[in-house]
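Asks: dropping a prediction and its sequence here:
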2 protein chains.
Amino acid sequence: MSQPLTPYLRVDVGRLDTNLRRVADRAAGAGVALRPHAKTHKCLEVARRQLAAGAAGLTVATIGEAETFAAVCDDLFIAYPLWVDDAAARRLRALADRASVAIGVDSVAGAEQAARLLAGSGVEVLVEVDSGHHRTGVAPGGAATVAAAARGLPVRGAFTFPGHSYAPDALVSAASDEAAALAAAGLGPVLSGGSTPSLAAADLGVLTELRPGVYAFGDAQQWELGVADPVDVALTCRATVVSHAGGRLVLDAGSKALGADRAPYASGWGRLPAYDGARVVLLSEHHAVVDLAGAPLPALGTGVDVVPNHVCAAVNLHDTLWADQDGALTPWAVAARGRNA
Amino acid sequence: MSQPLTPYLRVDVGRLDTNLRRVADRAAGAGVALRPHAKTHKCLEVARRQLAAGAAGLTVATIGEAETFAAVCDDLFIAYPLWVDDAAARRLRALADRASVAIGVDSVAGAEQAARLLAGSGVEVLVEVDSGHHRTGVAPGGAATVAAAARGLPVRGAFTFPGHSYAPDALVSAASDEAAALAAAGLGPVLSGGSTPSLAAADLGVLTELRPGVYAFGDAQQWELGVADPVDVALTCRATVVSHAGGRLVLDAGSKALGADRAPYASGWGRLPAYDGARVVLLSEHHAVVDLAGAPLPALGTGVDVVPNHVCAAVNLHDTLWADQDGALTPWAVAARGRNA
């Protein structure tokens, strides 16, 4: 195997395993199920490690991701309010022949449609409730009505994504909102929650299941939110110095390698573990311009590691993750890359 | 061919051809070369149409893109200050056996390195000058020194990317900066410029070559800058309504289908041709939350078209563009998707 060309993504397998173990142990200690979100890594090798560490199953965002991960997992939850048309129903029925499958619903019309097309398939539903992120999900008081509309499909319980945890000082309050919304849904037995930022504060007296994704790798968003220690970040993008224009560092890793995500609280488009205080200050498709905060510029041609802002976006831009085990690089396919449907 | 699943990208081939023809005619009328940037579409079918409309060759950003487009084009310019290591030199030599190949340089060290490893290959160089975008490129006064360091490699001239045209009211001034920087470089015969926003104001008395990319499709950025008329936008993302949570429209096209780019001047994460005033107001990986500006919500399951903010980013997330010719959809492969190296 020849050396990969920059920009490429490198996974520190030791750190990955430590991250997986830490969260798995916490879930096991509290007696709650861990169902990691596989959209973060889209990679069968990472999924196998999560399952080996004790995950009860996997969470995915699309039917396509479920089809990919059915190769290694027989318990899949599509945590998304799917509109089940004829094509989706055929695919879900085929999946349900191979695995336990659950889908999200967040409306009476969506639940009725799913019930009509999935009757007798074995596909179960969870009702999505809005705990404060205000994206999808019904108000907790409306969850029972949606569940009733899924007549004939087994209702597993309720789920929420407390995405409003992605803000400074919101981690604890979002976790509190999450538990309150799930408890108020009046459904069960499963009450499923969990974003990576809110994970440490999740109320494991209420939640029965956790669905974090980013915890596996960490990223610059988690670093800036204080959720991931930089020494635990397990995925970086290896880039090459191509220019010193304007006295700044320019790398060959742009938005097509790192992703263009930049949350309002982010201090740049990515961070550099080897340079304290450095920030990616300009990002275009194939250029990252870095302010090194006064450090001397590494020479042209030097390899430099960048932590992407949002690891889920970065992974989805690559066909391969390069798994680094004691310095030896092995290619891991990003098997579900681009599986948006 | 079955109907593609949402979210998918649809190309209006009639509009595409009109966009290609309009810019080709302008270049031909002024006697300047048109060398479209293929990073926008990454698609051999679109490249063939650009060449058939009179393009002199193609621009690309990476060696990998050049390798892909060598299948249809024998005149390729990698408009990027490459650091030419041994692996890059091998690939560039192989390319130069099939096609005319030029690369960018923007430093004495980079030019010396290229000269050392590419001597006798036939690869030519253009010196990148900074015309005000402040990303890569030397000051125009330093261009001759960089050119001299490429000793032994043919110097074709100078190029610049006036990326500071991507701002309200900056189109004309950026075009003026572009021409001034190229004229001041003191190199030739080729003086190559051109971003899509600055294109209409480009000084074709100075420039000898234009390298626009986005003009082929247009996108919401160009729409908001007043550069593309919405009726000329040739690429949209077809999405499905999945939720009415909170009384808003939620679509299944998120940042993994549209891209997460949001420039400071952008009024949202994308626009909807069928809904005047509508904006994508929240974008996550698989959700676009849309404010319809008071229009009635289309029913769950309805198909809705979204114009991505930045079409180059959107295309790179998909394996296929669905070419719509009089209502019939044909798959066009995104052949250079992910070719960052």
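Replies: Looks like it arrived, so ask away. Numbering: from 1, shown residues only, chains lettered A, B, ... in the order given.
Asks: and stretch A:250-258, what's its mean pLDDT?
Replies: Mean per-residue pLDDT for stretch A:250-258: 98.
Asks: now do that stretch: everything it contacts.
Replies: Contacts to stretch A:250-258, defined as CB atoms under 8 Å, 6 or more residues apart in numbering or on different chains, come from residues A:6-7, A:237-244, A:269-270, A:280, A:283-290, A:304, A:306, A:308-309, A:314, A:317-318, B:81, B:83, B:135-136, B:261, B:313, B:316, B:338, B:340-341. The way it works is simple: take the backbone N, C-alpha and C, and place the C-beta from them, glycine included.
Asks: among the residues you listed, which are in helices?
Replies: A:314, B:313 (DSSP state H).
Asks: for the nearest residue to residue A:133 once chain neighbours are set aside, the count of nearby residues, please.
Replies: The shortest distance from residue A:133 to any non-neighbouring residue, by CB to CB, 6 or more residues apart in numbering or on different chains, is to residue A:163 (3.7 Å). Residue A:163 has 21 neighbours, counted by other CB atoms under 10 Å in any protein chain shown.
Asks: isn't residue A:163 up against residue A:136?
Replies: No - counting by CB atoms under 8 Å, residue A:163 does not reach residue A:136; the two are 10.1 Å apart.
Asks: all helices for chain A, in order.
Replies: A:13-30, A:44-52, A:63-69, A:86-96, A:108-118, A:143-149, A:171-184, A:220-225, A:255-258, A:311-315.
Asks: so what secondary structure elements neighbour the second one?
Replies: Pointing back at helix A:44-52 there. helix A:13-30, strand A:58-60, helix A:63-69, strand A:328-333 (3 or more CB pairs under 8 Å, 6 or more residues apart in numbering or on different chains; DSSP states H and E).
Asks: so which bits of it are buried?
Replies: Residues of helix A:44-52 classed as buried: A:44, A:45, A:46, A:47, A:49, A:50, A:51 (neighbour count, 16 or more other CB atoms under 10 Å in any protein chain shown).
Asks: for the first one, what are its contacts?
Replies: Neighbour list for residue A:44: A:68, A:69, A:71, A:72, A:332, A:333, A:335 [criterion: CB under 8 Å, 6+ apart].
Asks: show me what from the stretch 201-341 of chain A comes close to chain B.
Replies: A:240-246, A:250, A:252-257, A:259-262, A:282, A:284-287, A:289, A:299-301, A:310, A:312-313, A:316-319, A:338, A:340-341 (CB under 8 Å from any CB of the partner chain).
Asks: just want the angle from the longest strand along chain A to helix B:86-96.
Replies: In chain A, assigned by DSSP state E, the strand with the most residues is strand A:235-243. Relative orientation of strand A:235-243 and helix B:86-96, computed by axes from the mean of the first three to the mean of the last three CA atoms, to 10 degrees: 70 degrees.
Asks: strand A:235-243 - what's its average pLDDT?
Replies: On average, strand A:235-243 scores 98.
Asks: now the residue of the stretch 201-341 of chain A found nearest chain B: closest residue in space, sequence neighbours ignored.
Replies: Distance from chain B to each residue of the stretch 201-341 of chain A (CB to the nearest CB) is smallest for residue A:341, at 3.6 Å. Nearest non-adjacent residue to residue A:341, counting by CB to CB, 6+ apart: residue B:5, 3.6 Å away.
Asks: re the thing from before, isn't the residue of the stretch 201-341 of chain A closest to chain B up against residue B:8?
Replies: Yes - taking contacts as CB under 8 Å, residue A:341 lies within contact range of residue B:8: 7.3 Å.
Asks: quick check: pLDDT value at residue A:184.
Replies: In this model, residue A:184 carries a pLDDT of 98.
Asks: ok, the nearest residue to residue A:299 once chain neighbours are set aside - contacts?
Replies: The spatially closest residue to residue A:299, leaving aside those adjacent along the chain, is residue A:241, at 6.7 Å (CB to CB, 6+ apart). The neighbourhood of residue A:241, defined by CB under 8 Å, 6+ apart, consists of A:249, A:250, A:251, A:297, A:298, A:299, A:300, A:301, A:302, A:303, A:304, B:83.
Asks: now do residue A:153
Replies: Counting by CB under 8 Å, 6+ apart, residue A:153 has contacts A:111, A:114, A:115, A:118, A:119, A:123, A:124, A:125.
Asks: roughly how far does residue A:97 sit from residue A:123?
Replies: The spacing between residue A:97 and residue A:123, counted by CB to CB, to the nearest Å, is 11 Å.
Asks: just residue A:327 next, same as before
Replies: For residue A:327, the distance to residue A:123 - CB to CB - is 45 Å.
Asks: what about the residue nearest to residue A:117 when sequence neighbours are not counted, neighbour count?
Replies: Distances taken as CB to CB, 6+ apart put residue A:89 closest to residue A:117, at 3.9 Å, once the chain neighbours are dropped. By other CB under 10 Å, 19 other residues sit near residue A:89.
Asks: show me the contacts for the nearest residue to residue A:223 once chain neighbours are set aside.
Replies: Distances taken as CB to CB, 6+ apart place residue A:230 nearest to residue A:223, at 5.5 Å, with adjacent residues excluded. Residues in contact with residue A:230 (CB under 8 Å, 6+ apart) are A:223, A:271, A:273, A:307.
Asks: returning to that earlier point: quick one: which of the contacts of stretch A:250-258 sit in strands?
Replies: A:237-243, A:270, A:280, A:283-284, A:287-290, A:304, A:306, A:308, B:81.
Asks: now for residue A:204: which residues touch it?
Replies: Contacts of residue A:204 by CB under 8 Å, 6+ apart are A:30, A:31, A:32.
Asks: what do you get if the cut-off is 6 Å, keeping everything else the same?
Replies: Contacts for residue A:204 (CB atoms under 6 Å, 6 or more residues apart in numbering or on different chains) come out as A:30, A:32.
Asks: ok, back up a step: residue A:327 and residue A:123: who's more crowded?
Replies: Between residue A:327 and residue A:123, counted using other CB under 10 Å, residue A:123 has the larger neighbour count: 24 against 5.
Asks: which ones are touching the more buried one?
Replies: Contacts of residue A:123 (CB under 6 Å, 6+ apart): A:92, A:96, A:101.
Asks: same question, residue A:301
Replies: Residue A:301 neighbours (CB under 6 Å, 6+ apart): residue B:83.
Asks: phi first, then psi, for it.
Replies: Main-chain torsions, residue A:301, degrees, to the nearest 10: phi 90, psi -10.
Asks: show the pLDDT at the closest residue to residue A:67 other than its chain neighbours.
Replies: Closest residue to residue A:67 apart from its sequence neighbours, by CB to CB, 6+ apart: residue A:95 at 6.5 Å. pLDDT recorded at residue A:95 is 98.
Asks: residue A:95 against residue A:103, yeah?
Replies: No - applying CB atoms under 6 Å as the test, residue A:95 and residue A:103 come out as separate, 10.0 Å apart.
Asks: same drill for those two, tell me which one is more crowded.
Replies: More crowded of residue A:95 and residue A:103, by other CB under 10 Å: residue A:103, with 27 against 21.
Asks: for that one, give its distance to residue B:84.
Replies: For residue A:103 relative to residue B:84 (CB to CB), the value is 51 Å.
Asks: and residue A:128, by the same measure?
Replies: Residue A:128 is 52 Å from residue B:84, by CB to CB.
Asks: what's across from the nearest residue to residue A:45 once chain neighbours are set aside in the sheet?
Replies: Using CB to CB, 6+ apart and skipping the chain neighbours, the partner closest in space to residue A:45 is residue A:332 (4.5 Å). Residue A:332 has these beta-bridge partners by DSSP bridges: residue A:321.
Asks: follow-up on the earlier one: nearest to residue A:140, of the buried residues of helix A:44-52?
Replies: Ranked by distance to residue A:140 (CB to CB), the buried residues of helix A:44-52 are led by residue A:50 at 29.3 Å.
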